[in-house]
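S.K.: Provided below are the primary sequence and the corresponding predicted coordinates.
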Amino acid sequence: MSFAEIKDEIKLQIRHDKKYKYVWSWALVSIICVFALKWFRYRQFELSPTVDFLQGVLPNFFAATTFTAGFFIYYKLIFRTDNTTDNKLTISSAISFFGLVIWEFIQLMMGSPIDIYDIFTTFLGCLITFIFVKFLFSK
């Protein structure tokens, strides 16, 4: 199949298959949350230490949910092969987690400290998306 054919097939899946539509919506809401949190953080509202902490770690959580769901949906387009739902989900979660952990180390080289809570919330985002998609496709 060509790139355009795979892209059209994925569009049809998102439009007509409720499971894919839910996963795509999950990714869309997650990316909106990332941008909303970044905007909120940029404004530097000092509400409480808990809110400040959440402003720091929640973008990692939502980035993990976005990437895991996105890689799952566009798996065939990225890798030019189809796979079982379980394999697609496992590979998508692993790529998302390790990619975002590598990003933490890149930030270390740029002078920012590694935040273990960022890594934990990244793991949590990948795990929750894994469970959500696994639940959807188990029916």
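M.R.: Yes, it's here.

S.K.: make it CA atoms for all contacts and neighbour counts henceforth
M.R.: OK.

S.K.: For the helix or strand of the chain with the lowest mean pLDDT, which helices and strands make contact with it?
M.R.: Least confident helix or strand, the chain: helix 75-79 with a mean of 83, by mean pLDDT, DSSP states H and E. In terms of contacts (3 or more Cα pairs under 8 Å, 6 or more residues apart in numbering; DSSP states H and E), helix 75-79 is packed against helix 3-16.

S.K.: roughly how far out does stretch 111-130 sit from the chain middle?
M.R.: With Cα atoms, centre = their mean, to the nearest Å as the basis, stretch 111-130 stands 11 Å off its chain's centre.

S.K.: Quick check: next helix or strand after the host helix or strand of residue 107?
M.R.: Per DSSP states H and E, residue 107 falls inside helix 85-109. Next in sequence after helix 85-109, counting helices and strands by DSSP H and E, comes helix 116-137.
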